[in-house]
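Novice: Sequence first, then the predicted structure, then my questions.
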Amino acid sequence: PRPVTGRVELRKRIARTFYDMSVVYGIIFSDILSDHNNGSSSTTSNQIKAFRQLTVHLQRQLKDEQTYLKLSKLEPPLKGKFPFATYQTLIEKLNNMADLLEGMAYTSRFMDGSWRSRLIQVLDEEKLDYVACLLTIMRQLSATLLAKVPLPPYLISPDDLKEKLSQKLCAVIATHPEQVQNDTYPSYCAYSVASYIFTQELNEAA
């Protein structure tokens, strides 16, 4: 059998990270939409604990990937030059995306009913296109890296959907200027910015 090299393990770990990120993103989105009536989160303490364990596991994976990337310099190029810079950039994007996901989860939980209900309204309108697009991209990246095959020739781009969602989130602020003084208004803005940048980072990683 062929020896397992650090470069192969790095590729598999990155594939797993993309998959886990899709799971985390799906959890955040489903938690926001879990209560349409009063706009408050119905998450239990056990669910919060399990989510924290998943995010910690994600951070550990990223640290392991950085270690494998450094060790790759010590391995001989058996199949050509290793694209070190490409993997380094990809890991940086994954680190940014992981931090943004944690920020989205934190800010969404600390919105009161008024801003949370407005966020629910916008995301509920865009869930079939926007969320499906992001989850598809993350799963495709995971599958192609794991199987070591090229991406499909026509990969969905979330740029148009990203701009559309951003405009809707901003329109809510313009429609309800009386709520700007609300204590959780910064959480709404932070979630909107984090969601926008997360989509941009994912698009660049793809």
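Specialist: Here it is on my side, so go on.
Novice: use CA for all of it now, contacts and neighbours both
Specialist: Fine.
Novice: Now do the phi/psi pair for Gly80.
Specialist: phi 100, psi 180 (degrees, to the nearest 10).
Novice: Near it, how many other residues are there?
Specialist: 7 (other C-alpha atoms under 10 Å).
Novice: Please report the distance of it from Arg139.
Specialist: 27 Å (C-alpha to C-alpha, to the nearest Å).
Novice: Would you check how far apart the nearest residue to Asp129 once chain neighbours are set aside and Ser195 are?
Specialist: Leaving aside its chain neighbours, Asp129 sits nearest to Leu161 (7.5 Å; criterion: C-alpha to C-alpha, 6 or more residues apart in numbering). Using C-alpha to C-alpha, Leu161 is found at 12 Å from Ser195.
Novice: re the thing from before, from the structure, what's the count of residues near the residue nearest to Asp129?
Specialist: Leu161 has 17 neighbours, counted by other C-alpha under 10 Å.
Novice: SS state for it?
Specialist: helix (DSSP: H, G, I helix; E, B strand; the rest coil).
Novice: That one reaches Tyr130, doesn't it?
Specialist: Yes. Contact criterion C-alpha atoms under 8 Å: Leu161 and Tyr130 qualify, at 5.9 Å.
Novice: All set now, cheers.
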